[in-house]
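Enquirer: no sequence for this one, just the structure:
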């Protein structure tokens, strides 16, 4: 039977979903005590989004939320290998271990283009990884053609994290991140409909599927999709 795990992006206490992707680890340092409290307060499965220091250049507006991590901004982003990105990786994996997370997600911005230099950077950085975890990579922007994504997945062992309303998954384990439909990049205010749920259900495949809502209405939509799948089984 196909395993479908429905969740949300961003820690919430007391939600009735299957899995939570912790986003706080992307923006700044999450202390060990905070991670331990999250684990203690929630029985759910966790996944973890890796620090932006690894993936995003210092010009990204997401750094406005960074207060605790101190390093050389010239070292940030692009999967560069240097003391700051290695420290960011160590911190990310430490939190993942405390949470008992199985999957760590790397999200690269649209500015991370499919050049040979960037492909080599991803490959080189992947050699630093603790293979006790699975790693998913979500390339943003439309320039990463399927053959290039397949090459990166093959050379790194990464899973393909993707919004299924924008492109198909190229890995056996599906890790879907739903950012809303409409607009060039994202439409976080979008409310998914039953028609969308049908499209999403048809995109499921393989043995394990993570369906992670990352929109304003993510809790509501996650619960609605769970109910929708249940009704399909009964038909």
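Expert: Happy to help now that I have it. Keep in mind it's a predicted model, so treat the numbers as computed, not measured.

Enquirer: Could you point out which residue ranges in the protein have low pLDDT?
Expert: Scanning the chain for pLDDT under 70 picks out the ranges 184-185, 233-235.

Enquirer: residue ranges of the helices in it, please?
Expert: Along the chain, counting by DSSP state H, helices occupy 24-27, 32-41, 52-55, 83-99, 116-126, 146-156, 194-203, 218-234.

Enquirer: which of the ones you listed is buried the deepest?
Expert: helix 52-55 (a mean of 27; mean count of other Cβ atoms under 10 Å). Where you see a C-beta, it was placed from the backbone N, CA and C, and this is true even at glycine.

Enquirer: Specify the beta-bridge partners of the residue nearest the centre of the chain.
Expert: By Cα atoms, centre = their mean, the chain has its centre lying nearest to residue 105, at 3.9 Å. Beta-bridge partners recorded for residue 105 (DSSP bridges): residue 49, residue 136.

Enquirer: what sits against it?
Expert: Going by Cβ atoms under 8 Å, 6 or more residues apart in numbering, residue 105 touches 21, 47, 48, 49, 50, 135, 136, 137, 138, 161, 175, 177.

Enquirer: What about the first one, how many residues nearby?
Expert: Looking back up the chat, that one is residue 21. 27 (other Cβ atoms under 10 Å).

Enquirer: Equivalent analysis for the last one, please.
Expert: Residue 177 has 21 neighbouring residues, counting by other Cβ under 10 Å.

Enquirer: gap between it and residue 7?
Expert: Taking Cβ to Cβ, to the nearest Å as the measure, residue 177 falls 10 Å from residue 7.

Enquirer: Return every residue with contacts to both of those two.
Expert: Any residue near both residue 177 and residue 7 by Cβ under 8 Å, 6+ apart counts here, and that gives 21, 212.

Enquirer: who's in contact with the residue nearest to residue 72 when sequence neighbours are not counted?
Expert: Among residues not flanking residue 72 along the chain, residue 84 sits closest, at 6.0 Å (Cβ to Cβ, 6 or more residues apart in numbering). Applying Cβ under 8 Å, 6+ apart, one finds that residue 84 lies in contact with 53, 71, 72, 75, 76.

Enquirer: Which members of the residues you listed are classed as buried?
Expert: 53, 71, 75, 76 (16 or more other Cβ atoms under 10 Å).

Enquirer: Cross-reference these with the strands and report the matches.
Expert: Cross-referencing the buried ones among the contacts of residue 84 against strands under DSSP state E gives no overlap.

Enquirer: a markdown table for those residues, including distance to residue 146?
Expert: As requested, the buried ones among the contacts of residue 84 are exported to a markdown table (distance: Cβ to Cβ, whole Å):
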| residue | distance to residue 146 |
| --- | --- |
| 53 | 29 |
| 71 | 35 |
| 75 | 31 |
| 76 | 29 |
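
Enquirer: Pick the one among the residues you listed closest to residue 226.
Expert: residue 53 (34.2 Å; Cβ to Cβ).

Enquirer: which residues touch the closest residue to the closest one other than its chain neighbours?
Expert: Excluding the flanking residues, the one nearest residue 53 by Cβ to Cβ, 6+ apart is residue 88, at 3.7 Å. Residue 88 sits next to 50, 51, 53, 54, 69, 71 when contact means Cβ under 8 Å, 6+ apart.

Enquirer: try residue 196
Expert: 165, 181.

Enquirer: quick one on the thing from earlier: please identify which of the contacts of residue 88 is nearest to residue 130.
Expert: Nearest to residue 130 among the contacts of residue 88, with distances taken as Cβ to Cβ, is residue 50, at 12.1 Å.

Enquirer: now stretch 157-170: how far from the chain's centre is it?
Expert: 10 Å (Cα atoms, centre = their mean, to the nearest Å).
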